[in-house]
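> Sequence below, structure please.
(4 chains)
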There are 2 protein chains.
Amino acid sequence: MVTIFDVAKKAGVSIKTVSRVLNHATNVRSETRKKVQLAMRELDYHPSFAARELRSGQSRAIGIILSDSSGGFQGRLHMAALQACRNAGCFLTAGLIDENDDNWTDELAAFTSRTRVKRMILVPPFCDSTLLHEQLIAEDIAFTLISPSIMNEGAVSLGVNEEQAGFEITQHLIALGHTKIGHIAGIAGHVATQFRKAGYLRALSQSGLKVRDGWIGDGEFSFRDALTSARKMLADADDRPTAIFAANDEMAAAVCYTANSLGLSVPDDLSVAGFDDVAIATTIWPPLTTVSQPFDVMAEEAVRRLIDTDPDAQHGLNSTLECRLIIRGSTAPPPSAREL
Amino acid sequence: MVTIFDVAKKAGVSIKTVSRVLNHATNVRSETRKKVQLAMRELDYHPSFAARELRSGQSRAIGIILSDSSGGFQGRLHMAALQACRNAGCFLTAGLIDENDDNWTDELAAFTSRTRVKRMILVPPFCDSTLLHEQLIAEDIAFTLISPSIMNEGAVSLGVNEEQAGFEITQHLIALGHTKIGHIAGIAGHVATQFRKAGYLRALSQSGLKVRDGWIGDGEFSFRDALTSARKMLADADDRPTAIFAANDEMAAAVCYTANSLGLSVPDDLSVAGFDDVAIATTIWPPLTTVSQPFDVMAEEAVRRLIDTDPDAQHGLNSTLECRLIIRGSTAPPPSAREL
DNA sequence: TTGAAAGCGGTACCAC
DNA sequence: GTGGTACCGCTTTCAA
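Numbers count the residues shown, from 1 in each chain, chains lettered A, B, ... in the order given. Model (predicted):
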């Protein structure tokens, strides 16, 4: 194994200087730095994570808290983060924490003390726990929030313009000719819920369409709750929406499920739109029209911010990333339009 | 932080003795061992992973290779492994490797050299690469295979009795009254493919049902390929199966998709059964009748075998784990039975 | 701007 | 069966 000594010898400097280069210290002559960097490359030197962690008392790895195995938002982001970390040359350490577990704070403490991570990526739904933020700040751990409901001044937040996306996907339904459009919302407190719904409302109001209370349901971002909501919304055969925009793909799938069980065909009798573009969007029939989240960009950006050597410059600079409307088979003109 | 010195002092022994206890060395009087263990507990001592890794040159963490983000088999197993490792007090280090990448061997080498893991859990489809096995053996890395197609004498293999499961789920279809039963198989070389199909064939033959070549299709374990296969199998409206057993849930979902697009209702016109019981099984409509894989047990067993202090005793002891038939809405009696 | 030396928390090799 | 001590590869402190 090639060590810092080998590099130092090759570059003709002391190991301390190599260490400085390694840690992006400013007080190294750029000429010296170049020499050292060249030596590193020629020797294919990789610093020992273990040694650095042992000496400094903290890991350079990035931590991520997972709680869900369904392959939805979290799963996608985890893979994207793994990829981003590999590209960035650092490690990702995943911890499994169930937010419904009463002593998850202990779990978290165990995670941070054993892994000694000092930077973390927080994803929904856990990223919205103020308690979590407090605990991390108390432990002096930097974190980046992905699609948070609750911003934190001390942390970077990364997300998409949910309101605009909600607006656009509703617009798509309106453009198809729908005038009776329902919405299944997510968990009440979530900013994502509020923004997606706000976009929906703005699109309706802009086109002069009526907002019907009965056509806005709660789905809690879950398949199960959305089932109940959709069933209620579609119950009245004489007066039901011809299109439903669900605030995530899982709930949209539930709407399709419900429609099918009521003998309604998607998209002929009912158009359904989702949000996120996770695996289920292309695995159900028909494939869902949805909004694609930029998972890769989110992860890369999150990692970049966390390992950036000049964190102050990045501090508090929240980013809004682009997302795309993906039109698939679950949306079509309403029956009335086709009859004409 | 409490170190080995603190423990040594408290127990009244040298640090070397503490180290021996830590490493399950045999040459320690059980009385001394007890004393040390008590001291550890009282001080809430946790050995430093970094220090151990630095000194010994190898990590105690368990590695896992992931390649898929869809939330299927891999995703479930990853979460289960995370849980199992947490329970066992060790870490899981995930690496992302695309087996279709030409230089994945380099990726693997980079992973092992940076993480210094010496034990790994291998999951499908990557666990079936002989090249991978060779590379790991060459690097003196122990591994446990989950549901492998290719056993390896030097490694423990964990899986379910695929043949029996395939038999039972086909039996379920037969018991419902189906006589025209199709099968969508997985990737040709996989043992899972062969066994699930063998179970299907055994069930048919036991009931004296005819095996039709045209009703056995290739689905490569993927949604996309299963679509093509299912479309072909269901093309002839006058002579098509009334039930299809697909070798995994994704393909079963594709069968449902195809059925729907052909105007066939599941399960009224066509019963569909899957395999694995991953997220998609309960998210599509109707929910899939399938075989539930014991992910938690697999992961726990894999971790246990890998960290067992007496690896020789476990060597080569492959385990067959139990799986369960889960009956949901996608299977029902055939149309003919209902007409009577 | 650079270097020498100490030491992070364990394990390995050696004595006893 | 037990203890002393060197040392893994790096960062830190202090001095130059």
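
> which regions of the stretch 201-340 of chain A lie under the pLDDT threshold?
Across the stretch 201-340 of chain A, residues meeting the criterion (pLDDT under 70) sit at A:309-316, A:338-340.

> so where do the helices sit in it?
Remark: helices assigned in the stretch 201-340 of chain A by DSSP state H, counting those that start in this stretch are A:223-234, A:249-261, A:279-283, A:295-307, A:311-314, A:335-339.

> Could you say which one of those comes nearest to DNA strand C?
Checking the helices of the stretch 201-340 of chain A against DNA strand C by CB to the nearest atom of the strand gives helix A:311-314 as the closest, at 19.6 Å. From N, CA and C alone the C-beta is placed, and that goes for glycine too.

> Which helix or strand contains residue A:77?
Per DSSP states H and E: residue A:77 is located in helix A:73-88.

> Okay, angle between that helix and helix B:73-88 too, please.
80 degrees (axes from the mean of the first three to the mean of the last three CA atoms, to 10 degrees).

> The top strand by length along chain A - contacts with which helices or strands?
In chain A, with assignment by DSSP state E, the single longest strand is strand A:59-66. Under the contact criterion of 3 or more CB pairs under 8 Å, 6 or more residues apart in numbering or on different chains; DSSP states H and E, strand A:59-66 touches helix A:49-56, helix A:73-88, strand A:92-96, helix A:104-115, strand A:117-122, helix A:295-307.

> Output these in CSV; the columns should cover distance to chain B and mean neighbour count.
Below are those laid out as CSV (distance: least, CB to the nearest CB, whole Å; neighbours: other CB atoms under 10 Å in any protein chain shown):
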stretch, distance to chain B, mean neighbour count
helix A:49-56, 4, 18
helix A:73-88, 4, 23
strand A:92-96, 4, 22
helix A:104-115, 7, 17
strand A:117-122, 11, 25
helix A:295-307, 9, 21
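
> Quick one: those as TSV, columns for distance to residue B:244 too.
Listed next are these as TSV, based on distance: least, CB to CB, whole Å:
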stretch	distance to residue B:244
helix A:49-56	50
helix A:73-88	28
strand A:92-96	36
helix A:104-115	43
strand A:117-122	41
helix A:295-307	33
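
> Please identify which of these is closest to residue A:337.
Closest to residue A:337 of the helices and strands packed on strand A:59-66 is helix A:73-88 (CB to CB; 33.4 Å).

> What lies in contact with the closest one?
A:62, A:64, A:66-69, A:91-92, A:94, A:121, A:123-124, A:146-147, A:248, A:276, A:278-279, A:293, A:295-296, A:298-300, A:302-304, A:307, B:66, B:68-71, B:75, B:94-96 (CB atoms under 8 Å, 6 or more residues apart in numbering or on different chains).

> rerun at 6 Å
If you take CB atoms under 6 Å, 6 or more residues apart in numbering or on different chains as the criterion, helix A:73-88 is touched by A:64, A:66, A:68, A:92, A:121, A:123, A:276, A:278, A:295-296, A:299-300, A:303, A:307, B:69, B:71, B:75, B:96.

> same deal with stretch A:235-252?
A:169-170, A:173, A:178, A:180-186, A:196, A:200, A:215, A:219, A:221, A:223, A:226, A:234, A:255, A:271-276, A:278, A:280-281, A:288, A:290, A:334.

> If we use 7 Å, what do you get?
Defining contact as CB atoms under 7 Å, 6 or more residues apart in numbering or on different chains, one finds that stretch A:235-252 is touched by A:72, A:169-170, A:173, A:178, A:180-186, A:193, A:196, A:200, A:215, A:219, A:221-223, A:226, A:233-234, A:255, A:270-278, A:280-281, A:288, A:290, A:334-335, B:283.

> Give me every residue in the stretch 201-340 of chain A lying close to DNA strand C.
Neighbours of DNA strand C within the stretch 201-340 of chain A, by CB under 7 Å from any atom of the strand: none found.

> check which helix or strand covers residue A:17.
helix A:15-22.

> how much space between residue A:58 and DNA strand C?
Plainly put, residue A:58 is 11 Å away from DNA strand C if you go by CB to the nearest atom of the strand, to the nearest Å.

> separation between that residue and residue A:118?
Going from residue A:58 to residue A:118 by CB to CB, to the nearest Å gives 5 Å.

> go on, residue A:139?
Using CB to CB, residue A:139 is found at 9 Å from residue A:118.

> Repeat that for residue A:165.
Distance of residue A:165 to residue A:118, given as CB to CB: 33 Å.

> same question, residue A:248
As judged by CB to CB, residue A:248 and residue A:118 stand 32 Å apart.

> List, one by one, the residues from the stretch 201-340 of chain A near chain B.
Proximity of the stretch 201-340 of chain A to chain B, by CB under 7 Å from any CB of the partner chain, involves residues A:223, A:250, A:253, A:256-257, A:260-261, A:279-280, A:283-285.

> tell me the centre residue of chain A?
residue A:146 (4.7 Å; CA atoms, centre = their mean).

> list the contacts for that residue?
Contacts of residue A:146 (CB under 7 Å, 6+ apart): A:77, A:121-123, A:127, A:158-159, A:298, A:302.

> Spatially nearest residue to it (excluding sequence neighbours)?
Using CB to CB, 6 or more residues apart in numbering or on different chains and skipping residues adjacent in sequence, the residue nearest residue A:146 is residue A:123, 4.8 Å away.

> Tell me how many other residues crowd residue A:169.
Other residues near residue A:169 come to 26 when the count uses other CB atoms under 10 Å in any protein chain shown.

> do the same with the one 10 residues further on
Close neighbours of residue A:179, defined as other CB under 10 Å, add up to 17.

> same thing with residue A:256?
Residues near residue A:256, counting by other CB under 10 Å: 28.

> same deal with the one 4 residues further on?
A count of neighbours around residue A:260, defined by other CB under 10 Å, yields 19.

> where's the closest residue in space to it that isn't next to it in sequence relative to DNA strand C, distance?
Spatial nearest neighbour of residue A:260, excluding adjacent residues (CB to CB, 6+ apart): residue B:285 at 4.9 Å. Residue B:285 sits 53 Å away from DNA strand C, going by CB to the nearest atom of the strand.
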